[in-house]
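Participant: Here is the input, now give the coordinates:
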Amino acid sequence: MGCKVYKMSDAPSMNGWIKLHRKFQSNFLWTERRKFSKAEAWIDILMEARHDPEPARILMGNCLVECYRGQCVKSLDTWARRWGWSKAAVRRFFDLLQNADQIRYESVTKTTRISVCNYDTYNDVRNANETQMKRTRNAPETHLKPNKNEENEKNERKDTPQPPKGGDSNRGKLIAHGEFQKVKLSEAEYKKLCDKHGKERTDAGIAELDAWMESTGKRRKNHYACLSDKSWVWEKVAPGAKTATAAKPIDHWQAKGEDVDMSMRNAF
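Facilitator: Numbers count the residues shown, from 1 in each chain. Have a look, this model is predicted:
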């Protein structure tokens, strides 16, 4: 069978949309080192914008910057490095998008805050609500059909002493730190690090971990644990330490059996 060929005048209308998951940012096609086109840069902004309805407070130096749904907080230098552009080219691109009513941007403390216009057009909250409604409807049905294996496990747990509960629920509210907002610590954890290492060295250590997570795409459950006394981070920010010592963080995680992208060695 042949394919039907349309003329521009009678082609189907380009209505509707596709779902593009944010996991695509870790796909090898997207992470390939290259100079971004304007279209790729626009898609990157949409995927980096905050989709959570709860606002985030991002620590920039000694100031907290608010980031609401549909916004992202990054410096012009950061965008320039991500896209392989100059800082001036990033500013001209932002001006273009602002004139086209696609974004609004403003300079805030040590960074730039972008607000995507009509963000819900690109990330419709109704999809999330529909999914939650389905889960709510299915929950009672699930409970009506008890699983025998689950019942046996529950009986075993009754006779087995359990360790105390821990995790993020006991850490309090987490605040995003660093330029890339990757490192999340509670106020108490941040204070402990400052008391132990001093504020200046603590901020430098957080910046190192934040940059490493951004450049490798790796995630950690407990960032406070990543900043333990034996962490490679403190060697990186020690007085007189060289900044271009990529082997230390990579070898540190490899020693623990972590999967590290060796192509990122040159990113430090």
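
Participant: quick one: residue 194 is in a helix?
Facilitator: Yes - counting by DSSP: H, G, I helix; E, B strand; the rest coil, residue 194 falls inside a helix.

Participant: In contact with it: list those residues for me.
Facilitator: Residue 194 makes contact with residue 202 under the criterion Cβ atoms under 8 Å, 6 or more residues apart in numbering. Every C-beta, even on glycine, is put in place using the N, C-alpha and C of the backbone.

Participant: Mind pulling up the pLDDT for it?
Facilitator: The per-residue pLDDT reported for residue 194 equals 88.

Participant: So it versus residue 25, what's the distance?
Facilitator: Look at residue 194 and residue 25: by Cβ to Cβ, to the nearest Å, they are 32 Å apart.

Participant: So which residues of the stretch 101-250 of the chain form strands?
Facilitator: Assigned by DSSP state E, counting those that start in this stretch, the stretch 101-250 of the chain shows strands spanning 103-108, 111-116, 174-177, 183-186.

Participant: Would you list the strands that the first one pairs with, along with their directions?
Facilitator: Looking back up the chat, that one is strand 103-108. Using DSSP bridges, the strands paired with strand 103-108 in its sheet are strand 111-116 (antiparallel).

Participant: Format the CA atom coordinates belonging to the strand it pairs with as CSV.
Facilitator: Taking Å, rounded to 0.1, in the frame of the first residue of the first chain, the C-alpha atoms of strand 111-116 are listed here in CSV:
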residue,chain,number,x,y,z
THR,A,111,20.6,34.4,38.9
THR,A,112,17.7,34.8,36.4
ARG,A,113,14.1,33.6,36.9
ILE,A,114,12.1,32.5,33.9
SER,A,115,8.3,32.3,34.0
VAL,A,116,6.8,30.3,31.1
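
Participant: So which bits of it are buried?
Facilitator: If you call a residue buried by 16 or more other Cβ atoms under 10 Å, then strand 111-116 has these buried ones: 111, 112, 113, 114, 115, 116.

Participant: Sweet, I'm off.
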